[in-house]
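Novice: Based on what follows, work out the 3D shape:
(2 chains)
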Number of protein chains: 2
Amino acid sequence: MITERALALGKKRSTIREIFEYSMRRKREIGEENVFDFSLGNPSVPSPQAVTDCLKELIENETTVALHGYTSAAGAMAVREKIAKKTYNRFDFKANPELIYMTCGAAASLSCTLSAIAGEKDEVLVLSPYFPEYRVFIENAGATVVEVPTKRDTFTLDIEKIKNATNKKTRAIIINSPCNPTGVVYSEDDIIALSDLLKEKREQYGTHITVIADEPYREIVYGDVFVPYIPNYYDDTVVCYSYSKSLSIPGERIGYIMVSPQMQYAEDVFYAVCGAARSMGYVCAPSMWQRVVAECDGIAPNIEAYNENRTLLYNALTEIGFTAVKPEGAFYLFLKSPMPDAKEFCEKAKEYELLLVPSDDFGCGGYVRIAYCVEKSVIERAIPAFRELYKEIKNG
Amino acid sequence: MITERALALGKKRSTIREIFEYSMRRKREIGEENVFDFSLGNPSVPSPQAVTDCLKELIENETTVALHGYTSAAGAMAVREKIAKKTYNRFDFKANPELIYMTCGAAASLSCTLSAIAGEKDEVLVLSPYFPEYRVFIENAGATVVEVPTKRDTFTLDIEKIKNATNKKTRAIIINSPCNPTGVVYSEDDIIALSDLLKEKREQYGTHITVIADEPYREIVYGDVFVPYIPNYYDDTVVCYSYSKSLSIPGERIGYIMVSPQMQYAEDVFYAVCGAARSMGYVCAPSMWQRVVAECDGIAPNIEAYNENRTLLYNALTEIGFTAVKPEGAFYLFLKSPMPDAKEFCEKAKEYELLLVPSDDFGCGGYVRIAYCVEKSVIERAIPAFRELYKEIKNG
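Specialist: Numbers count the residues shown, from 1 in each chain, chains lettered A, B, ... in the order given. Okay, the predicted model is just below:
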């Protein structure tokens, strides 16, 4: 009487969400300031002022009927036109507003794209460690997840491994750069090598291999790091974007799907996105937020705050003795677990009120993800706890 | 390379959406005031002032991090508690906040509920004429649609026909009262008779038959019409609610699923709803809107405006010679087509710039749906066009 898969997914919940729920309970028990919750990518940095200003202005000057009414399923055309224009200005890439579909955030972007292009008998490559919900969305589309490890020392692309995993059933590969959970940004050389490989494989098999560029962290990079805009390198690309992280509005659920006009059958892919969204009950992306993001697209978040957190945390933890790759983007630190079993390590960390996410669900054991998009003071207060934790583990 | 079903759904679009898109084009061509668009249930009545006041207050007084951050997947507990409390006050029904799941509107509510409880080999009854997207969501869940006609003269429940359509594969029945597209409200007697029938059938087959109460029009009823709250009559009920129509915020996508605590295995059904939502990429309902609807739940929309439209339109059209059942709720008039083929009639109406929806997709030929949630002036200007149209058809 109850759908088995849905029940299992609902009961288990995502590990990240599970820890988030635990955190809320624990904070009620012992006080918010005593729990060091590094579980969820919930930005601590306020939204850019432009977001609030834009909201206020819309509410002040628009009628409720115009502001809160339905838009086209794919989003208001004026909004999609603005996004296409900004995409051109920023990346020198000619997006077509007719091929942009406004969504309820990154998860919806991915779920709709995957259900549009992949089905039974199709394989979708994910690069481990990878965001665990990829598996959920791929399997919801009826396709099969193929995990391909990144290089173990740097978490950068392992082109050879991708090559070996690609076959005629390969329908898509999800590229997430800057990467959740590692913070790695794939270099232009790597993206070019990937593109060359996929072109070769398409030719070899006479198939289509789509790059799904999952880019919620695009705006969050440190220093001069360059993030290649994948549609400029590979035609068969669908960009899945979200404003959750860049504008600090993750609860509001707003993003978009951009089907590259260079893609073969681009229009049909777009129609299939519309159909997939429709069949799952997506009607249109929140209308007022469509208007806000059209204005605020491209506004940089307060990177400096995240950068301070990154430096503070990375320096302190490596000084204590932990090891990690220094992240170049996003707001996650992927720490090597000092115990063989990362889950066990996370349980131990809980005793110090440190809430970390074990890497097992990311398709890669032996690490933990630390979301450092928290108040700086949380990190400051957490450092002694990390020190004690490390000491206990090392001294047994 | 493209999912066939998604492509078909996206290319075809819903008939209603198709007409809506045509309307936008046509308005650009000949001017907004010359197109009489009765296609979409996009409320013309402004949102209650409380909605705007609440939005402003939240933006003024909350931090962006608290206001726009993630909530629990099922929604903020404080929000769900308020909704449960108001449900108790209004309907004398003890909802459990732990069994309320905040959604991105009615379509999401239905899609998640259906995917949670119905699958292959299951049948879901829909009462024709019915909202066409029911078919899309039921088939997305993998289940089979079984159309059961309502009484042809009154569009009320035909208990005998429902009885004949029910078998051991029957997993759920969708009840939509006030009904889109007919405007009919099912009486208490009918709901009791339905409940008795379903209890008997459950017993006979040893199965579960869930009533999915799709209630976006609950607040929109005329005069003293009583809308029975189905969980008070039948335990195995899931309420799918949306604030789109009651608060005139259809583009903002906010509603909820309420699993009756009286239902057997209620908690598992709720978990399955969580899992279904998760697998389709729903992360949480828009966070700021959760807060707004928690405050504004139960506030009546401007019924009087809709009532004036209803009276004006019904009287004028029946005076011209058309026939229809006078709606008791919602904002649709279900008009008998004066031509045998309703689609042909709609094409003819288009020549008079009258945009109507043929009833074929509602699982019932020979009618058209007129959404009268428009400015009164649109109806006033449209009446002469309806008169000319009728004259042409009758005089050949």
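
Novice: In contact with the residue of the stretch 51-200 of chain A found nearest chain B, which residues?
Specialist: For the stretch 51-200 of chain A, the residue closest to chain B is residue A:111, as judged by C-beta to the nearest C-beta, at 2.9 Å. The C-beta positions use only the backbone N, C-alpha and C, and glycine is treated the same way. Residues in contact with residue A:111, defined by C-beta atoms under 8 Å, 6 or more residues apart in numbering or on different chains, are A:137, A:140, A:141, A:276, A:280, B:279, B:280, B:281.

Novice: Can you pull out the low-pLDDT segments for the stretch 1-150 of chain A?
Specialist: For the stretch 1-150 of chain A, the stretches flagged by pLDDT under 70 are A:13.

Novice: Just the strands from it, written as ranges.
Specialist: For the stretch 1-150 of chain A, strands defined by DSSP state E, counting those that start in this stretch occupy the ranges A:36-37, A:100-103, A:123-128, A:144-149.

Novice: hang on, the earlier thing: where's the residue of the stretch 51-200 of chain A closest to chain B relative to residue A:103, distance?
Specialist: 9 Å (C-beta to C-beta, to the nearest Å).

Novice: secondary structure element for the residue nearest to residue A:9 when sequence neighbours are not counted?
Specialist: Leaving aside its sequence neighbours, residue A:9 sits nearest to residue B:275 (C-beta to C-beta, 6 or more residues apart in numbering or on different chains; 3.2 Å). Element membership for residue B:275, per DSSP states H and E: helix B:266-279.

Novice: ok, now residue A:239?
Specialist: strand A:237-242.

Novice: Could you dump the contacts of residue A:111 into TSV and include neighbour count?
Specialist: Formatted as TSV, the contacts of residue A:111 follow (neighbours: other C-beta atoms under 10 Å in any protein chain shown):
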residue	neighbour count
A:137	28
A:140	22
A:141	27
A:276	30
A:280	27
B:279	23
B:280	27
B:281	28
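
Novice: now, which of the residues you listed sits nearest residue A:42?
Specialist: The shortest approach to residue A:42 among the contacts of residue A:111 belongs to residue B:281, at 17.9 Å (C-beta to C-beta).

Novice: Return the residues in contact with the spatially most central residue of chain A.
Specialist: The geometric centre of chain A, computed from its C-alpha atoms, lies nearest to residue A:216 (C-alpha atoms, centre = their mean), at 5.0 Å. If you count contacts by C-beta under 8 Å, 6+ apart, residue A:216 has them with A:106, A:180, A:241, A:242, A:244, A:245, A:246, A:255.

Novice: quick one on the thing from earlier: okay, buried residues for the strand holding residue A:239 please.
Specialist: A:237, A:238, A:239, A:240, A:241, A:242 (16 or more other C-beta atoms under 10 Å in any protein chain shown).

Novice: go on, stretch A:356-367?
Specialist: A:356, A:357, A:358, A:359, A:360, A:361, A:362, A:363, A:364, A:366, A:367.

Novice: Excluding chain neighbours, what is closest to the residue of the stretch 51-200 of chain A closest to chain B?
Specialist: Residue A:111 sits nearest to residue B:281 (C-beta to C-beta, 6+ apart), 2.9 Å away.

Novice: quick one on the thing from earlier: farthest-separated two in the contacts of residue A:111?
Specialist: A:276 and B:279 (12.8 Å).

Novice: The longest helix along chain A packs against which elements?
Specialist: Assignment by DSSP state H gives helix A:376-395 as the longest helix of chain A. Here helix A:376-395 touches strand A:36-37, helix A:303-320, helix A:342-350, strand A:354-355, going by 3 or more C-beta pairs under 8 Å, 6 or more residues apart in numbering or on different chains; DSSP states H and E.

Novice: Redo the contacts of residue A:111 as TSV? Include distance to residue A:51.
Specialist: TSV is the format used below for the contacts of residue A:111 (distance: C-beta to C-beta, whole Å):
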residue	distance to residue A:51
A:137	27
A:140	31
A:141	33
A:276	29
A:280	28
B:279	30
B:280	27
B:281	23
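
Novice: now, which of these sits nearest residue A:161?
Specialist: residue A:137 (22.3 Å).

Novice: List the contacts of that closest one.
Specialist: Counted by C-beta under 8 Å, 6+ apart, residue A:137 has contacts A:107, A:110, A:111, A:114, A:115, B:279, B:281.

Novice: So the closest residue to the first one other than its chain neighbours: helix, strand or coil?
Specialist: Meaning residue A:107. What sits nearest to residue A:107 in space, not counting adjacent residues and going by C-beta to C-beta, 6+ apart, is residue B:281, at 4.0 Å. Classification of residue B:281 using DSSP: H, G, I helix; E, B strand; the rest coil returns coil.

Novice: thinking residue B:281 is in contact with residue A:110, fair?
Specialist: Yes. Counting by C-beta atoms under 8 Å, residue B:281 touches residue A:110, with 6.3 Å between them.

Novice: And the strands in the stretch 151-300 of chain A?
Specialist: So, for the stretch 151-300 of chain A - with DSSP E, counting those that start in this stretch - the strands run A:170-175, A:210-214, A:237-242, A:255-259.

Novice: Between these, which one is closest to chain B.
Specialist: The nearest among those, by C-beta to the nearest C-beta, is strand A:170-175 at 7.0 Å.

Novice: May I have that closest one as CSV, with CA atoms only?
Specialist: Extracted C-alpha coordinates of strand A:170-175, given in CSV (Å, rounded to 0.1, in the frame of the first residue of the first chain):
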residue,chain,number,x,y,z
THR,A,170,26.8,6.1,-21.0
ARG,A,171,24.2,8.8,-21.3
ALA,A,172,25.6,11.6,-19.1
ILE,A,173,28.2,12.6,-16.7
ILE,A,174,27.6,15.0,-13.8
ILE,A,175,30.4,17.6,-13.4
